[in-house]
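**Student:** Just a sequence and a predicted model for now, questions to come.
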Amino acid sequence: MTRPLVRAVFAVLVVATVAAFFLTQQLKGDFPLVIRFATKPAHFSPNGDGYRDETRIGFDLSRPASVSFMVIDAEGTEIRRIVTARRLAGDAKHRFTWDGTNDDGGAVPDGTYRMRVVRRDESRVIDSEKKITVDRVPPPVRIVSAEPSVIATGLPGEPQSVRLRYDGPKNRAPVVRVFRTGDGPPHIVRRFRGEPDRTATWDGRVSSGPERTDPAPEGDYAFTVAVRDRAGNITEAPRPRPRASVALPHTGVSVRDFTLRGPLSAIPAGAFAHLEVGPVDRSFDFVVSRLGDPKPILRGGRVGGRFRIHVPDRVRTGVYVVRTRAGRDRAVWPLAVAGLPPRSARGEARPLVVLPALTWQGLNRVDDDADGFSDRLPFSDSVRLDRPFAGGGTPPRFDAEVSPLLRWLDRERLPYDLTTDLALARREGPALGNAPGVAFAGSELWLPDELLQRLRDYVADGGRVAAFGADSFKRKVELRGDVASDPTLPGRANAFGERTELMVTSAAPLTVFQDTLGLFEGVSGFVGEFTQFEPSSGLPRSARRMSEAGRDAGRPAFVAFGLGGGIVIRTGTAQWARELNESALSLELPQVTKRIWQLLSDGPS
């Protein structure tokens with residue numbers, strides 16, 4: 001390299017070094033004006049609910065300066081001017097409140113925003129990396145499970161707590177509300193806080209006063225959980241309160257201290273009946289006696305849930321009540337037994353009495369799928385048939401419709417065979433074709449279509465049917481194993497083609513209008529006293545009117561008509577059986593019922 005070239009390179013290096021030195025010294029003297037940006041909270045929800053409707057935003061200055069401060073959107077466009085050309089102190093924090101509005105006072109859309117500081121005298125613009133999130137959308141929340149689904153709060157030493165789990169944002173203390181659902185509209189009975197891990201534990205107790213709780217009584221319970229997201233939006237799910245239409249299976253709980261379930265078909269004399277107590281295994285005693293007779297035919301004790309009883313060989317046909325007791329708890333089950341007829345009636349034709357087991361379970365207030373609401377027809381798509389009756393009591397309408405009729409039949413020693421509608425539908429036990437007549441001992445609200453068709457064929461072939469109930473044979477239901485599903489709405493006409501309607505009035509007797517069958521022969525012309533009627537509004541064209549009685553002229557409630565080769569008798573009120581026992585001083589109702597029974601016993605002529 002030549003000497004002049006070396007000198008030139010050396011000069012360039014010297015100049016660059018000197019320039020770098022002075023630049024470094026200038027940068028050292030130019031310390032950042034804004035030390036940091038701040039926002040708290042970084043997510044907020046300016047929706048006017050009073051919670052996180054504002055955020056505190058600002059910056060720290062390293063030295064005094066005249067600055068402007070604003071909020072900008074994701075594109076860098078100024079949205080809200082907070083400070084305009086104001087001289088602020090150095091070595092200080094400067095904080096301001098932003099309520100989520102723009103310069104015109106309107107609400108900014110949900111999204112991500114940043115902060116900007118402008119020093120006009122130096123034309124310096126400083127944008128924050130820190131973000132502010134405006135979020136007004138409530139978070140998705142749902143309860144996913146409640147375990148166990150059945151608890152017994154009245155049993156010392158038994159687990160009484162229910163573990164809830166939910167999906168949604170984590171909270172330090174989500175708010176859980178407990179609702180009682182089985183006694184009217186859902187109403188709150190307890191409020192407590194859950195855990196940060198999306199769980200909560202209900203201790204099986206309900207509020208009974210200020211700072212007081214008691215064990216939850218028997219019934220069904222549903223929950224809501226209220227959770228806020230990090231922006232402050234709150235969601236209570238389900239909202240505004242639990243509803244059967246949106247409740248998910250296994251998100252509710254039932255409190256049942258003692259239950260009993262058993263067969264819904266008639267058990268032959270000499271066979272075993274299988275039953276089960278619940279919801280937990282415990283020691284219990286049982287007594288079996290005939291309906292209306294306090295004298296036991298069986299008694300014993302067991303430890304555990306499932307048990308069986310041996311029905312004696314020579315018991316009479318009828319309903320026997322299995323009564324179980326464990327401590328202070330009681331539960332009963334009506335056991336239909338197909339046994340022997342009364343001695344005086346042996347060899348005689350016996351009408352077939354059908355118990356409305358499908359109606360019992362259709363109206364039974366028991367939660368099948370643990371969603372916190374009892375499953376009943378037609379409010380549920382399906383109900384299980386192998387469940388206990390609510391509260392350990394007798395089936396719905398049993399005491400009002402079925403029990404009075406069976407007690408009266410036994411008292412009058414009128415013979416009958418016994419089955420249930422469920423057994424008929426499954427073709428178990430006595431068959432329709434072998435019975436001279438069939439008596440439905442209560443309202444038959446739901447029956448399978450196939451059984452309804454068999455009843456029509458039975459009457460057309462000369463069979464005789466009597467319905468001691470109301471609103472019967474109008475609805476259909478599907479049977480799949482131990483589940484009754486897909487209930488229909490009531491049709492305009494029942495399975496025999498008669499159109500009826502229900503009415504409630506002041507107490508009045510049935511006035512006899514027509515009596516070709518002689519059912520009302522010898523009575524005063526007035527029968528019983530009722531407040532519920534089911535007047536007929538039209539018979540099928542092929543029907544032959546035989547006997548009619550009602551509250552109002554031209555609107556018979558009690559109707560007997562011929563159809564094909566058979567006869568259909570409808571008492572026209574669900575209170576008929578009750579009046580049999582309550583009208584002891586009146587002989588009209590028992591006399592008419594005996595004639596109905598004789599007509600069923602005689603069978604086709």
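**Tutor:** Sure thing, it's come through. Residues are numbered from 1 along each chain as shown.

**Student:** Identify the residue spatially nearest to Arg299, adjacent ones excluded.
**Tutor:** Val287 (4.7 Å; C-beta to C-beta, 6 or more residues apart in numbering). Heads up, the C-betas are built off the backbone N, CA and C, glycines and all.

**Student:** Tell me what that neighbour is bridged to.
**Tutor:** For Val287, the beta-bridge partners under DSSP bridges are Arg299, Arg323.

**Student:** wait, it sits on Lys295?
**Tutor:** No. Shown here, Val287 and Lys295 do not form a contact pair, counting by C-beta atoms under 8 Å, at 10.0 Å.

**Student:** For those two, indicate the residue with more neighbours.
**Tutor:** Between Val287 and Lys295, counted using other C-beta atoms under 10 Å, the more crowded position is Val287 (16 against 6).

**Student:** what's the following helix or strand after the lengthiest strand in the chain?
**Tutor:** Ranked by residue count under DSSP state E, the longest strand found in the chain is strand 503-515. Where DSSP states H and E defines the elements, the next helix or strand beyond strand 503-515 is strand 526-533.

**Student:** Neighbouring strands - and their directions - for that next one?
**Tutor:** Next to strand 526-533 in the sheet, as set by DSSP bridges, lie strand 503-515 (antiparallel).

**Student:** for Leu600, phi and psi?
**Tutor:** Dihedral angles phi and psi of Leu600 (degrees, to the nearest 10) take the values phi -70, psi -30.

**Student:** Contacts only, for it.
**Tutor:** Applying C-beta atoms under 8 Å, 6 or more residues apart in numbering to Leu600 gives the contacts Pro351, Pro436, Gly437, Val438, Ala439, Arg464, Ala466.

**Student:** can you do 6 Å?
**Tutor:** Shown in contact with Leu600 (C-beta atoms under 6 Å, 6 or more residues apart in numbering): Pro351, Gly437, Ala439, Arg464, Ala466.

**Student:** now swap in Pro196 and tell me
**Tutor:** Neighbouring residues of Pro196 by C-beta under 6 Å, 6+ apart: Lys170, Arg172.

**Student:** Glu498 versus that one, what's the distance?
**Tutor:** 64 Å (C-beta to C-beta, to the nearest Å).

**Student:** can you tell me how far the residue nearest the centre of the chain sits from Pro388?
**Tutor:** Taking C-alpha atoms, centre = their mean as the criterion, Phe373 is the residue nearest the geometric centre of the chain, at 2.1 Å. With distances defined as C-beta to C-beta, the gap from Phe373 to Pro388 amounts to 17 Å.

**Student:** how about the closest residue to Arg387 other than its chain neighbours, what does it touch?
**Tutor:** Closest residue to Arg387 in three dimensions, ignoring its sequence neighbours and counting by C-beta to C-beta, 6+ apart: Val366, at 4.9 Å. The contact partners of Val366, taken as C-beta under 6 Å, 6+ apart, are Ser374, Arg387, Ala390.

**Student:** Would you reformat those residues as a markdown table and include secondary structure, pLDDT and distance to Thr259?
**Tutor:** Below are the contacts of Val366 laid out as a markdown table (DSSP: H, G, I helix; E, B strand; the rest coil; pLDDT from 0 to 100; distance: C-beta to C-beta, whole Å):
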| residue | secondary structure | pLDDT | distance to Thr259 |
| --- | --- | --- | --- |
| Ser374 | coil | 95 | 14 |
| Arg387 | coil | 96 | 9 |
| Ala390 | helix | 95 | 9 |
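
**Student:** residues near Ala470, how many?
**Tutor:** Residues lying near Ala470 (other C-beta under 10 Å) number 23.

**Student:** Tell me who's in contact with it.
**Tutor:** Here Ala470 is in contact with Ser443, Glu534, Ala574 (C-beta under 6 Å, 6+ apart).

**Student:** Just the local confidence number for it, please.
**Tutor:** Reading off the confidence values, Ala470 has pLDDT 95.

**Student:** Tell me the spacing between it and Gln575.
**Tutor:** Noted for Ala470: a distance of 9 Å to Gln575, by C-beta to C-beta.

**Student:** tell me the SS of Gly429?
**Tutor:** coil (DSSP: H, G, I helix; E, B strand; the rest coil).

**Student:** and it, what does it touch?
**Tutor:** With contacts defined as C-beta under 6 Å, 6+ apart, the neighbours of Gly429 are Ala266, Thr419, Ala423.

**Student:** again, only this time at 8 Å
**Tutor:** Ser265, Ala266, Ala338, Thr419, Ala423.

**Student:** Angles on the backbone of the second one, please.
**Tutor:** What that stands for is Ala266. On the backbone of Ala266 - angles per degrees, to the nearest 10 - the values are phi -70, psi 130.

**Student:** That one - how many residues pack around it?
**Tutor:** Quick note: Ala266 (other C-beta under 10 Å) scores 26 neighbours.

**Student:** Where does pLDDT dip in the stretch 1-150 of the chain?
**Tutor:** 1-30 (pLDDT under 70).

**Student:** With the chain instead?
**Tutor:** Applying pLDDT under 70 to the chain flags residues 1-30, 158-159, 342-347, 583-586, 605.

**Student:** Kindly report the domain assignment for it.
**Tutor:** Taking automatic domain parsing as the reference, the chain has its domains at 34-134, 142-255, 259-340, 397-411+441-474+490-605.

**Student:** among the ones you listed, which is nearest Pro356?
**Tutor:** Judged by C-beta to C-beta, the one of the domains of the chain that comes nearest to Pro356 is domain 397-411+441-474+490-605, at 4.3 Å.

**Student:** quick one on the thing from earlier: distance of the residue nearest to Arg387 relative to Pro279?
**Tutor:** The separation that Val366 has from Pro279, given C-beta to C-beta, amounts to 12 Å.

**Student:** Kindly report the same for Glu401.
**Tutor:** Relative to Pro279, Glu401 is positioned 29 Å away (C-beta to C-beta).

**Student:** What of Trp576?
**Tutor:** From Trp576 to Pro279 the distance is 37 Å (C-beta to C-beta).

**Student:** So which of the two has more stuff around it?
**Tutor:** Just comparing Trp576 and Pro279: by other C-beta under 10 Å the higher neighbour count belongs to Trp576, 27 against 20.

**Student:** count of neighbours near the closest residue to the more buried one other than its chain neighbours?
**Tutor:** On the basis of C-beta to C-beta, 6+ apart, the spatially nearest residue to Trp576 that is not a chain neighbour turns out to be Phe468, at 5.5 Å. The burial count assigned to Phe468 is 25, neighbours taken as other C-beta under 10 Å.

**Student:** Cool, thanks, signing off.
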